[in-house]
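A.B. asks: generate coordinates for the sequence data below:
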Amino acid sequence: MNKIKGFIKKEAACLKKEISVFEYILCWLLRTAMVAAIIYKQKQNGPGFSLTVLILSVNLLATFTVPLIRLLLFPKRVVCRLPFGCQRWINVIVFFAAFLGHTFDLINEVTGWDKLMHFMSGAVVLLLGSELADVFIREKDKVSDSFRILTATGFSFFAMVLWEIYEFIVDYNWPGSTNMAYSSDPDRDPFFIWLFGGRSANFEAGFAGVFDTVIDMLCAVAGAIPAIIFLVFYLRARDKKAGTYIAPDKTKVRFGGIKGFIKSEIKALKEGITLPEYIFWWVLRIGQTVMLVYRLKLHGPSSITVLIMTLNLIATFAVPLVRILLFPKRIFCKVPFRCQSWINFIIIFASFLSHGFNFSYHVTSYDKFLHVMMGAVAVLIGNELITPLMRKGDKASPLLRTLNASGFSFFAIVIWEVYEFFIDYYWPESGNMAYRMPENNPFTKDPFFVKLYGGPSENFSRTVFEDIGIFDKGLDTLGIETLFDTLTDMICATAGIIPVMIILWLVLKKKESKQLAPSDEKEAEEIYA
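C.D. replies: Sure thing, here's the model as predicted:
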């Protein structure tokens, strides 16, 4: 009993310290309003199951997220560090997306309400991620505001990917669900017309699902940008008030002319990578050049394959070019050369083998293998890219560093799928979404789709869409192939991230434990238990 009283007193003290009375009152007003909304909708719909009531009930539970996590989950030394401030951002999402969206049916009554919610969520989830960073920052850690913002941004992109995968899986398995908005028509929807000017001639009828997915992510990215700007000024003002603000280092990097710069770069190269890695760089560059010349003679200079291989050849020089050309030098000259090794690893499979030897066409599901591999390697690139954001004397826990690296990988997933969509939209010869590849057609019982999904879903059949009656000539199945390709790409990349994320955390944890003094070992064991 004393332990329970002690826990309640401690939680009450944390609550008073972290949020204001005004916020606490608002929190309970929202909970009361949600209960009233559930009762109203249940009476309105009558007896039996109601999807709207279920959604409202789940969101009511979400208004108790932080207290429930701190109360029920273990270990307490971790979950009890979850800030109560997280609840305010969760409540903002619940209020707009559930209370207004479903109680007053704004999601159906207001044009573009769903897109507005994704824009808002991109910002709010990023701010939520900033609060969550406190859970993983230990007392002995020292991280810059830039590092904290990177953590928050990575969390926001992780949420974008997770949400779209969730929507797709629910639509796939639940006949009554239309999360992907595939029953809307881009030719008639005012939001699509305003954003794109109508459907691209490159897309056949039935592409509403992939339009919805990609634009959801695009809206979330757009919402994240002002949130990042807000965090920059907010954290700076907070640090100044606390007396802990450290002004950015604005001193120019001096190399003593061109010779000094070259010597500095050679020194950084020698310290950053091994000789076998450097040899590997040049072997790939030569091999890529030879293959490019071969494809140039075979297809001519206007070939998409030639263009892609040329861009990838340039990418084998990415890190040196970034360090030479971009400013400010105090940031870009800290980009590790090790990043180039990981970039080159991707180029071998995604360009040299894929386009040089046509693996993408001759090897079944090679494209999906590439997404698994790129999701994994992007985590390792993200781990290296943390270095430019670390000031002298900064220290981040292995777990926080791993989360940052994984966040970069989720950022890469979102940017890549948005890029593929736009290239396909404006470039008639492009086939990034794989909607012209027969082996990616979920209706032909391709082995990869059968293994991953168990075969095509009845919810995505031609009959269902013809019954909706929104398309003049029924649904062209090509549109659903594109949706499958986009979401499966994201699922594969996520599958590649998870094991590498775990391995990276274990490696960084072991590396730190070797550097700890004997007196610190007990504390480290408690942190990582």
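A.B. asks: please enumerate residues in contact with stretch 21-34?
C.D. replies: 15, 56, 59-60, 63-64, 87-88, 91, 94-95, 98-99 (Cβ atoms under 8 Å, 6 or more residues apart in numbering). C-betas here are computed from N, CA, C, even on glycine.
A.B. asks: try it again with 10 Å
C.D. replies: Contact with stretch 21-34 is made by 15-16, 19-20, 56-57, 59-64, 66-67, 84-85, 87-88, 90-92, 94-95, 98-99, 103, as judged by Cβ atoms under 10 Å, 6 or more residues apart in numbering.
A.B. asks: show me which helix or strand of this protein is least confident by mean pLDDT.
C.D. replies: helix 462-468 (a mean of 43; mean pLDDT, DSSP states H and E).
A.B. asks: tell me the helix or strand right after that one.
C.D. replies: helix 478-515 (DSSP states H and E).
A.B. asks: so what's the gap between that next one and the chain middle?
C.D. replies: 11 Å (Cα atoms, centre = their mean, to the nearest Å).
A.B. asks: and if you look at stretch 254-273?
C.D. replies: Put simply, stretch 254-273 sits 35 Å off its chain's centre (Cα atoms, centre = their mean).
A.B. asks: sorry, back to before: pull out the buried residues from the contacts of stretch 21-34.
C.D. replies: 15, 19, 56-57, 59-60, 62-63, 66, 84-85, 87-88, 90-92, 94-95, 98-99, 103 (16 or more other Cβ atoms under 10 Å).
A.B. asks: so what's the residue count around the closest residue to residue 226 other than its chain neighbours?
C.D. replies: Counting by Cβ to Cβ, 6 or more residues apart in numbering, residue 226 lies nearest to residue 123, which is 6.2 Å off, once chain neighbours are set aside. The local packing of residue 123 (other Cβ atoms under 10 Å) involves 21 other residues.
A.B. asks: please tell me how far the spatially closest residue to residue 179 that is not a sequence neighbour sits from residue 418.
C.D. replies: In space, residue 179 comes closest to residue 167 once its chain neighbours are excluded; the distance is 3.7 Å by Cβ to Cβ, 6+ apart. Remark: distance between residue 167 and residue 418 (Cβ to Cβ, to the nearest Å) = 16 Å.
A.B. asks: repeat that for residue 344.
C.D. replies: For residue 344 relative to residue 418 (Cβ to Cβ), the value is 24 Å.
A.B. asks: and for residue 264?
C.D. replies: The gap separating residue 264 from residue 418 is 37 Å, by Cβ to Cβ.
A.B. asks: can you check residue 385 too?
C.D. replies: 20 Å.
A.B. asks: more neighbours: residue 344 and residue 418, which one.
C.D. replies: residue 344 (22 against 17).
A.B. asks: which is the next helix or strand following the helix or strand that contains that one?
C.D. replies: If you go by DSSP H and E, residue 344 is part of helix 338-347. Proceeding N to C from helix 338-347, the next assigned helix or strand is helix 359-362, under DSSP H and E.
A.B. asks: so what does whatever helix or strand comes next after that next one touch, helix or strand wise?
C.D. replies: Next along the chain after helix 359-362, taking DSSP H and E as the criterion, comes helix 366-385. Helix 366-385 sits against helix 145-173, helix 338-347, helix 359-362, helix 398-426, helix 447-453, helix 478-515, with contacts defined as 3 or more Cβ pairs under 10 Å, 6 or more residues apart in numbering; DSSP states H and E.
A.B. asks: could you list the buried residues of stretch 327-340?
C.D. replies: Those would be 331, 332, 333, 335, 336, 337, 338, 339, 340, for stretch 327-340 by 16+ other Cβ under 10 Å.
A.B. asks: just confirm the first one contacts residue 146, I think it does.
C.D. replies: Yes. At 9.5 Å, residue 331 and residue 146 qualify as touching, with contact defined as Cβ atoms under 10 Å.
A.B. asks: what sits against residue 335?
C.D. replies: Counting by Cβ under 10 Å, 6+ apart, residue 335 makes contact with 268, 272, 318, 319, 320, 322, 323, 326, 384, 385, 387, 388.
A.B. asks: for burial, what's the neighbour tally of the last one?
C.D. replies: To tie it back to what came earlier, the one meant is residue 388. For residue 388, the neighbour count with other Cβ under 10 Å is 14.
A.B. asks: same question for the third one.
C.D. replies: Counted with other Cβ under 10 Å, residues neighbouring residue 318 total 15.
A.B. asks: so for it, what's the pLDDT?
C.D. replies: Note on residue 318: pLDDT of 97.
A.B. asks: now it. Nearest residue, chain neighbours left out?
C.D. replies: Counting by Cβ to Cβ, 6+ apart, residue 318 lies nearest to residue 343, which is 5.5 Å off, once chain neighbours are set aside.
A.B. asks: residue 377 is in contact with that neighbour, correct?
C.D. replies: Yes. Using Cβ under 10 Å as the test, residue 343 is close enough to residue 377 to be in contact (8.4 Å).
A.B. asks: tell me, how many residues neighbour residue 235?
C.D. replies: 17.
A.B. asks: how close does it sit to residue 268?
C.D. replies: Computed as Cβ to Cβ, the residue 235 to residue 268 distance reads 30 Å.
A.B. asks: before we move on, what about residue 201?
C.D. replies: 49 Å.
A.B. asks: which phi and psi does residue 327 have?
C.D. replies: Per-residue torsions, residue 327: phi -130, psi 160 (degrees, to the nearest 10).
A.B. asks: what about it, distance to residue 388?
C.D. replies: From residue 327 to residue 388 the distance is 13 Å (Cβ to Cβ).
A.B. asks: ok, now residue 377?
C.D. replies: 19 Å.
A.B. asks: same thing with residue 85?
C.D. replies: Taken as Cβ to Cβ, the span from residue 85 to residue 388 is 29 Å.
A.B. asks: can I get the helices and strands packed on helix 366-385 in TSV including mean pLDDT and distance to residue 7?
C.D. replies: Converted to TSV, the helices and strands packed on helix 366-385 look like this (pLDDT from 0 to 100; distance: least, Cβ to Cβ, whole Å):
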stretch	mean pLDDT	distance to residue 7
helix 145-173	92	28
helix 338-347	97	46
helix 359-362	83	57
helix 398-426	92	25
helix 447-453	74	44
helix 478-515	89	29
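A.B. asks: quick one: closest of those helices to residue 136.
C.D. replies: helix 398-426 (4.2 Å; Cβ to Cβ).
A.B. asks: buried sites along that closest one?
C.D. replies: 398-414, 416-418, 420-425.
A.B. asks: how about stretch 243-254?
C.D. replies: For stretch 243-254, it's none, nothing buried (16+ other Cβ under 10 Å).
A.B. asks: please shift the residue numbers so they start at 34 in all later answers.
C.D. replies: Will do, 34 is the new start, and the previous item becomes stretch 276-287.
A.B. asks: alpha carbons of it, as PDB, please.
C.D. replies: What follows is stretch 276-287, C-alpha atoms only, in PDB (Å, rounded to 0.1, in the frame of the first residue of the first chain):
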ATOM      1  CA  GLY A 276      21.500  29.800 -19.400                       C
ATOM      2  CA  THR A 277      22.600  26.700 -21.300                       C
ATOM      3  CA  TYR A 278      22.500  28.100 -24.800                       C
ATOM      4  CA  ILE A 279      25.700  27.600 -26.900                       C
ATOM      5  CA  ALA A 280      26.000  29.800 -29.900                       C
ATOM      6  CA  PRO A 281      26.800  28.000 -33.200                       C
ATOM      7  CA  ASP A 282      30.400  28.000 -34.200                       C
ATOM      8  CA  LYS A 283      30.700  30.600 -36.900                       C
ATOM      9  CA  THR A 284      34.400  30.500 -37.300                       C
ATOM     10  CA  LYS A 285      35.500  29.900 -40.900                       C
ATOM     11  CA  VAL A 286      37.300  26.700 -41.700                       C
ATOM     12  CA  ARG A 287      40.800  27.700 -42.900                       C
END
